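[1] any chance you can model this:
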Amino acid sequence: GDGGGHQIVEFVWDAPLAFGQLLEELGRIPIPPYLCRESEELDNSRYQTVYSRFEGSVAAPTAGLHFSKHLMKRLEIKGVDMAFLTLHVGLGNFRTVDVEDLTKHKMDSEQVVIPERTAEAVNRVKRAGGKVCAVGTTVMRSVESSVSTEGLLKPFDGWTNKFIFSPYEFSVANCMITNFHLPYSTQLMMVAAFAGYDALMSAYDVAKKEKYRFGTYGDAMLIL
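    Below is the predicted model:
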């Protein structure tokens, strides 16, 4: 234990498998606990974005789950450019905020990689006055962790524990796609800072009335 509720576990195994293969053989996809069920075979493909490339997250960036290869092709035909980054989501993603003073909430550090070509693509659009749409709170947290003084995106390879809540001045994206998040979550607080609390809560009222799905396999909204 490290005093913060974390445990450090050392694995020792005697098998001709690499550690990643061992996890693949014995492990299960860590779907969110609030789904209240064991993961199924179907989750192995369903709980991944079609464009994921690197192993390391304990959770999928759920806004990205709405994008099929077909949809991405249609966006490309419409002239929407796509740029990718990596954030290895940590267990803190599932931790609710239980402090009155939000400055006291401590986010877990997570590893972020923003390639140079991604920064260049985003900044080209920003300089032209175009729309930069963050797909999910994971992307929003990543880009806001590496911003120049002129509000441009900088390449980055490191760790972030950025917690975004109102009032906050967003620098990179001017629109976002995000799922309907759970109460007391850091994701909900970030989205409220971006959309405005009252506007977001009225959207959530509609979502509840229309029986939209919340959380991981839920519906999404586009905030312009």
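[2] list the contacts of stretch 193-205.
    Stretch 193-205 is contacted by residues 140, 164-168, 170, 176, 180, 191-192, 221, 223 when judged by C-beta atoms under 8 Å, 6 or more residues apart in numbering. No exception for glycine: its C-beta is placed from N, CA and C like everyone else's.
[3] how far out from the middle of the chain is it?
    Remark: stretch 193-205 is offset 19 Å from the chain centroid, using C-alpha atoms, centre = their mean, to the nearest Å.
[4] low-confidence bits of this protein, can you list those?
    1-5 (pLDDT under 70).
[5] in it, which spans are helices?
    Along the chain, the segments classed as helices by DSSP state H run 19-26, 43-46, 69-77, 116-127, 137-144, 186-195, 197-209.
[6] which of these sits closest to V99?
    Of all the helices of the chain, it is helix 186-195 that lies closest to V99, at 11.5 Å by C-beta to C-beta.
[7] roughly how far is that closest one from the heart of the chain?
    Centre to centre, stretch against its chain (C-alpha atoms, centre = their mean), the figure for helix 186-195 is 12 Å.
[8] try stretch 129-136
    15 Å.
[9] check which residues of that stretch are buried.
    Burial within stretch 129-136, assessed by neighbour count using 16 or more other C-beta atoms under 10 Å, is assigned to 132-136.
[10] same check, this time on stretch 108-119
    110-114, 118-119.
[11] ok, now how distant is the residue most central in space within the chain from Q21?
    Per C-alpha atoms, centre = their mean, the C-alpha nearest to the average position across the chain is that of T138, at 2.3 Å. Going from T138 to Q21 by C-beta to C-beta, to the nearest Å gives 26 Å.
[12] adding distance to E150, write the contacts of stretch 193-205 out as JSON lines.
    Converted to JSON lines, the contacts of stretch 193-205 look like this (distance: C-beta to C-beta, whole Å):
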{"residue": "M140", "distance to E150": "19"}
{"residue": "I164", "distance to E150": "20"}
{"residue": "F165", "distance to E150": "24"}
{"residue": "S166", "distance to E150": "24"}
{"residue": "P167", "distance to E150": "21"}
{"residue": "Y168", "distance to E150": "18"}
{"residue": "F170", "distance to E150": "14"}
{"residue": "M176", "distance to E150": "21"}
{"residue": "F180", "distance to E150": "34"}
{"residue": "V191", "distance to E150": "25"}
{"residue": "A192", "distance to E150": "26"}
{"residue": "M221", "distance to E150": "29"}
{"residue": "I223", "distance to E150": "24"}
